[in-house]
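Undergrad: sequence and predicted structure, then a few things I'm wondering about:
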Amino acid sequence: MARPLPDILPAPWPADLPAPPARTDEAVTRAAELLASGGLVAIPTETVYGLAADALDADAVDRIFAAKGRPATNPLIVHVADTAMARSLAADWPQAAELITASLWPGPVTVIVPRGPRIPDNVTAGGPTVALRCPEHRLTRRLIATLGRPLAAPSANRSMQLSPTTAGHVLEGLGNRIDLILDGGPCGRGIESTVVDCTTDPPRILRPGPITRAELEAAIGRPVVDVTAADDDAKSAAVRSPGMLPRHYAPKTPLEVSATAAERVEELVQAGKRIAWLTAQIDDPRVRSLAASRDLLVVPMPADPAAFATSLYATLHAIDRRSLDRIIIDAPPDTDAWRAVTDRLSRATKA
Ligand code: AMP
Ligand code: MG
């Protein structure tokens, strides 16, 4: 018999309230009960929605892999309520982890540290390190504190598909494979956390994200290497992070990043293709004249990298529903501020 669809429990927590409204706390309690009995709950975070299970329950963690269709070789990020919980899961707490977490947690940065004995094998894909993050989203920190145990939570989507940034995206992607969705509203940051390996010296960024290299360097007071900015050989030699799988984060509609987007769009429209064009150049007369075409959907995008990241996945989810032939995106500037966006776009365009 097919499982029913999961409940979506609204769990608003207005910024001016120190404690959540009673209804929100009831939703958190229900989510904690499900997690304590080995269930799967989709949770809001500031990056993307996560698919959570008790990180110390190997059977529950297995259910995450099954629901996502995720290869067992791809380790999970463990979410904690505070630094004390993080340290209790690590065999060693390198100075870089101490400095990064002291200044940037709670927040969208994940530290890789030596794995402690409480962490089941499947969480780390059998590896000697564990990925830890304390989310900025206080609803999720409250859930973890209520449960009193850490949550393993990869993005709440089927493997290889776009990450969800709303409860609706989770329902669409995972539907009856999971037990409950906690709806904390749209994700503020919109792309996955920065992952930094603190077991090497210098520490290395394995996945660029909302926290930039400059912010990490300011936190630890010395250089950090971004292996994702290196050339391809160095990258494959350095791969220890599954977020670095070449293809990931992809919409269903083929996506192309173009440095000469206006020309490319014109060419495709003339060839009879139905196109969505994501561009910040909406005041350009060329864009304005092309936008009149019936076969072209021009989607204005923010010129600021953080705002662009916040709306990127939601925009791609919306375009996927229209069954167009192709998505064209203006090539972002080649700067550190755009590194996370460029990384996600390049993985989305790999065959
Ligand atoms: P997801 O949450 O689906 O975006 O994927 C989990 C992410 O966790 C991957 O992209 C990796 O970057 C990261 N990760 C988890 N555990 C480890 C680990 N032990 N070493 C390196 N990266 C890890
Ligand atoms: Mg993912």
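TA: Now that the structure is in, tell me what you want to look at. Numbers count the residues shown, from 1 in each chain. Ligands and ions are numbered 1, 2, ... in the order given.
Undergrad: from here on, contacts and neighbour counts on C-alpha atoms
TA: Noted.
Undergrad: for D179, see how far away P6 is.
TA: P6 sits 5 Å away from D179, going by Cα to Cα, to the nearest Å.
Undergrad: which residues of the stretch 101-250 of the chain fall in helices?
TA: 138-147, 167-174, 213-220, 232-238 (DSSP state H, counting those that start in this stretch).
Undergrad: just so I know, which of those lies nearest T260?
TA: helix 232-238 (23.7 Å; Cα to Cα).
Undergrad: C-terminal to the closest one, what's the next element?
TA: For helix 232-238, the following helix or strand on the C-terminal side (DSSP states H and E) is strand 255-258.
Undergrad: quick one: end-to-end length of stretch 297-307, please.
TA: 20 Å.
Undergrad: just to revisit the earlier point, can I get the helices of the stretch 101-250 of the chain in CSV with mean neighbour count, distance to A58 and mean pLDDT?
TA: Below are these laid out as CSV (neighbours: other Cα atoms under 10 Å; distance: least, Cα to Cα, whole Å; pLDDT from 0 to 100):
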stretch, mean neighbour count, distance to A58, mean pLDDT
helix 138-147, 20, 16, 98
helix 167-174, 19, 21, 97
helix 213-220, 18, 32, 98
helix 232-238, 12, 28, 51
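Undergrad: and of those helices, who's closest to ligand 1?
TA: Closest to ligand 1 of the helices of the stretch 101-250 of the chain, according to Cα to the nearest ligand atom: helix 232-238, at 10.6 Å.
Undergrad: count the neighbours of the residue of the stretch 51-200 of the chain found nearest ligand 1 for me.
TA: Closest to ligand 1 within the stretch 51-200 of the chain is P154: 3.2 Å, counting by Cα to the nearest ligand atom. By the measure other Cα atoms under 10 Å, the count of residues near P154 is 26.
Undergrad: ok, it touching I77?
TA: Yes. The pair P154 and I77 qualifies as a contact (Cα atoms under 8 Å) at a distance of 6.2 Å.
Undergrad: output the helices of the stretch 101-250 of the chain as TSV; include the columns distance to T199.
TA: Compiled in TSV, the helices of the stretch 101-250 of the chain are given as follows (distance: least, Cα to Cα, whole Å):
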stretch	distance to T199
helix 138-147	25
helix 167-174	33
helix 213-220	14
helix 232-238	13
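Undergrad: in a markdown table, list these along with distance to ligand 1.
TA: Formatted as a markdown table, the helices of the stretch 101-250 of the chain follow (distance: least, Cα to the nearest ligand atom, whole Å):
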| stretch | distance to ligand 1 |
| --- | --- |
| helix 138-147 | 15 |
| helix 167-174 | 13 |
| helix 213-220 | 15 |
| helix 232-238 | 11 |
